[in-house]
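A.B. asks: Model the structure of this input:
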Amino acid sequence: MRLKHAGQPSMERRLTAILAADVVGYSRLMGLDEAGTLSALKTHRREMADGKIAEHQGRIVKLTGDGMLVEFPSVVNAVACAADIQRRMRERNVDVPEERRIEFRIGVHLGDIIFEDSDIYGDGVNIAARIESIARPGGVAVSGSVRDNVGNRLDLSFEDTGEQTLKNIDRPVRVYNVDLFAGAPPSRATNGVASARPAPAKEKPSIAVLPFNNMSGDPEQEYFSDGITEDIITDLSKISGLSVIARNSVFTYKGKSVDVQEVSRRFNVATVLEGSVRKAGQRVRITAQLIDGKDGTHLWADRYDRDLTDIFAIQDEITHTIVDQLKVRLLPEEKKAITQAPTESVEAYTYYLRGREFFHRGSKSYYVLAKRMFAKAIELDPLYARAYAGVADCDSFLFLHYDEKVSVEGILANSAKALDLESGLAEAHASRGLALSINQRYAEAEREFELAIANNPNLFEAHYFYARTFLVQGKPEQAVRYYERAAEIKPEDFQSVNFLQAAYRSLGRPEQVKDAARRTVERAERELARNPENPRPAYLGANALAVLGNIERARDWASRALAIDPDDILTQYNIACLYCLFGEFDGALDLLERLLPHANQDTKAWTRQDSDFEPLHSLPRWQTVLELAR
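C.D. replies: Now for the predicted structure:
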């Protein structure tokens, strides 16, 4: 169903963490060697800075010749990213002559910003830039608001420089210099004088976990190997002494031939874990190799041939082996967190993974299948919190798009049950937020989504559901932010980029509408190749093709969607929209008359107001449609 909202581009105010950076002595460096300076700066960004920003969930808002402006979902992420970048730059400059070194100044501020047209403005941005200008070369300076929010959550110390008068800023701002090398050994002395360069601090060990290959010989088992990979990433991410690349970054390598050393360079990590999964009946074989990213040598490798019931023990062994190999110290609460299995039933876990795979395909038949899988998981383990959240999500979309006898109260009860069983479970907060938004309790819904994202910043459902809530409220600017983040977290998802078209259209941004349409077609095409029996990528892809002006291909995809599932309400609705665009008004009316007797009130309301159907309003049969849509 295509969602539209009229209106001009809007401004959004929000509190966010802003990182501003630029190159020290950039004009001098350009005067010495313009081509070499530009090449070196691009290399530092590509090989290191971009990966660090992605690792800490930052978004580059603007690049200038020698600098950048980045926003982050949390202050802690922003400061940790700034510290990581400066430490890595110190290492990268060791063998570079001092007069040719590229060094950054970085400033971080937490403040109020204005978000408009994918750019940010306001005092918050100005203060970050001014703080950056007084930071030490190779250093990080932060405002008092940042220092207060970071507290003791990072292994850094802060030097209070007092209140500073910043250019064009009305009031003084307290500024702190970040000691990036607190606890490092004394720097080497030369001729009795301490060296100006402190020794590099010891950084966290870093790792990228590549998608484990499905060796079962059955593409339908992909859900299982993906689930194993995601759980290992999740467990490793709970360890404060380890830097782990997020799922969305590593899953871009899924199904591809991989050069481990190239992966190491791209993400700037020291080690890479790769492996494979073969599941046959009640047996599972998992292989895992920990590889040195610098020279490609194996640090450790093992093969586990076990009963399926040992799957959690295998994951635990792999995680602990990595911790031991990388000499990472586990805190007591981290040790407890990574050894706590989500369920005591491996069979329930398998049903849950299968249900999650079905749910993300996004059509009625798959929602029904997913709900069945989640329900079976609950039957096998009545204390499996994530499975209750899964049932709630399925019911939400069956209620929202189809004329299913599902109550919002029942959905809320399932999400509440999940939270009772596992306090703070991000999936459950997201499920509850979706149910509340369906019930138009938007303020309560937003609080649940914020809790979900705080507990798991990489949870796809939290961002996807949150974006939908903003879109239906007519807040496309906020919807864009969360749909873009959802699309980033799950690079294979075609639905988030599809709905971005509606959000960008409401904001009057035709080029970004077309870009979202192109991404929809690319992702929908891959989804159709994986699941040719799913009508949703076919009809959403057909809509995107029509936006791009590829009408003949749009017709082919529309026909394919109807052939796959001619009775699906959303398939019929979206193809009716396309038929109007093609000028095939009788075909559109035929589909509307077929679907409306089985549609819920939400779909009927959309039918009455959808601008795609305006060409039908003067036709006699439109009155019949209106009667059916009441």
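
A.B. asks: make it CA atoms for all contacts and neighbour counts henceforth
C.D. replies: Will do.

A.B. asks: And Glu444, how close does it get to Glu450?
C.D. replies: Separation of Glu444 from Glu450 (CA to CA, to the nearest Å): 10 Å.

A.B. asks: Mind checking which of the two has more residues around it?
C.D. replies: Glu450 (19 against 13; other CA atoms under 10 Å).

A.B. asks: and the more buried one, what helix or strand is that in?
C.D. replies: Using DSSP states H and E, Glu450 falls within helix 442-455.

A.B. asks: next one: Glu461
C.D. replies: Here Glu461 is assigned to helix 460-472, by DSSP H and E.

A.B. asks: Now do the buried residues in that helix.
C.D. replies: 460-472 (16 or more other CA atoms under 10 Å).

A.B. asks: relative to helix 442-455, how tilted is it?
C.D. replies: Using axes from the mean of the first three to the mean of the last three CA atoms, to 10 degrees, the direction of helix 460-472 lies 150 degrees away from that of helix 442-455.

A.B. asks: Now do helix 460-472: which elements does it pack against?
C.D. replies: helix 426-438, helix 442-455, helix 476-489 (3 or more CA pairs under 8 Å, 6 or more residues apart in numbering; DSSP states H and E).

A.B. asks: Show the average pLDDT along the last one.
C.D. replies: Yep, that's helix 476-489 we're talking about. For helix 476-489, mean pLDDT rounds to 87.

A.B. asks: now do the shortest one
C.D. replies: For helix 426-438, mean pLDDT is 90.

A.B. asks: now swap in the second one and tell me
C.D. replies: Taken as a whole, helix 442-455 carries a mean pLDDT of 88.

A.B. asks: Parallel or antiparallel, which strands does the helix or strand where Ala301 lies pair with?
C.D. replies: Secondary-structure element containing Ala301, defined by DSSP H and E: strand 298-307. If you go by DSSP bridges, strand 298-307 pairs up with strand 283-292 (antiparallel).

A.B. asks: List the contacts of the partner strand.
C.D. replies: Strand 283-292 has contacts (CA atoms under 8 Å, 6 or more residues apart in numbering) with 260, 270-279, 297-308, 311, 318, 322.

A.B. asks: picking that back up, state the next helix or strand along the chain beyond the strand holding Ala301.
C.D. replies: Going down the chain from strand 298-307, the next helix or strand is helix 311-325, by DSSP H and E.

A.B. asks: helices or strands up against that next one?
C.D. replies: Here helix 311-325 touches helix 222-237, strand 283-292, strand 298-307, going by 3+ CA pairs under 8 Å, 6+ apart.

A.B. asks: where does Lys62 fall, phi/psi-wise?
C.D. replies: phi -150, psi 140 (degrees, to the nearest 10).

A.B. asks: Same check on Lys405?
C.D. replies: Main-chain torsions, Lys405, degrees, to the nearest 10: phi -80, psi 80.

A.B. asks: Then Gly281?
C.D. replies: Backbone phi and psi, for Gly281 under degrees, to the nearest 10, turn out to be phi 60, psi -120.

A.B. asks: For the strand holding Ala301, output the C-alpha coordinates as CSV.
C.D. replies: What follows is strand 298-307, C-alpha atoms only, in CSV (Å, rounded to 0.1, in the frame of the first residue of the first chain):
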residue,chain,number,x,y,z
HIS,A,298,45.1,-18.6,11.1
LEU,A,299,45.2,-17.8,14.8
TRP,A,300,42.8,-20.6,15.7
ALA,A,301,40.5,-23.0,13.9
ASP,A,302,38.1,-25.7,15.1
ARG,A,303,35.3,-28.0,13.9
TYR,A,304,32.3,-28.9,16.1
ASP,A,305,30.4,-32.1,15.2
ARG,A,306,27.6,-32.2,17.8
ASP,A,307,24.0,-32.9,18.4
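
A.B. asks: From the chain's centroid, how far away is that strand?
C.D. replies: Offset of strand 298-307 from its chain centre (CA atoms, centre = their mean, to the nearest Å): 30 Å.

A.B. asks: Could you count how many residues lie near Lys336?
C.D. replies: So Lys336, with other CA under 10 Å, has 11 neighbours.

A.B. asks: ok, for Ala479, nearest residue in space, not its chain neighbours?
C.D. replies: Excluding the flanking residues, the one nearest Ala479 by CA to CA, 6 or more residues apart in numbering is Ala467, at 4.3 Å.

A.B. asks: The one you found contacts Arg485, correct?
C.D. replies: No. Contact between Ala467 and Arg485 fails when scored by CA atoms under 8 Å: they sit 9.4 Å apart.

A.B. asks: one step back: dump the residue contacts of the residue nearest to Ala479.
C.D. replies: Going by CA under 8 Å, 6+ apart, Ala467 touches Gln478, Ala479, Val480, Arg481, Tyr482, Tyr483.

A.B. asks: any idea how far it is from Pro73?
C.D. replies: As judged by CA to CA, Ala467 and Pro73 stand 15 Å apart.

A.B. asks: can you check Leu41 too?
C.D. replies: Taking CA to CA as the measure, Leu41 falls 26 Å from Pro73.

A.B. asks: quick check: domain ranges of the protein?
C.D. replies: As given by automatic domain parsing, the domain ranges for the chain are 12-182, 206-341.

A.B. asks: residues near the nearest residue to Thr350 once chain neighbours are set aside, how many?
C.D. replies: Using CA to CA, 6+ apart and skipping residues adjacent in sequence, the residue nearest Thr350 is Phe224, 7.2 Å away. Phe224 has 22 neighbours, counted by other CA under 10 Å.

A.B. asks: Then Met48?
C.D. replies: Neighbour tally, Met48, other CA under 10 Å: 21.

A.B. asks: residues in contact with the residue nearest to it when sequence neighbours are not counted?
C.D. replies: The spatially closest residue to Met48, leaving aside those adjacent along the chain, is Asn268, at 5.7 Å (CA to CA, 6+ apart). Going by CA under 8 Å, 6+ apart, Asn268 touches Glu47, Met48, Gly51, Lys52.
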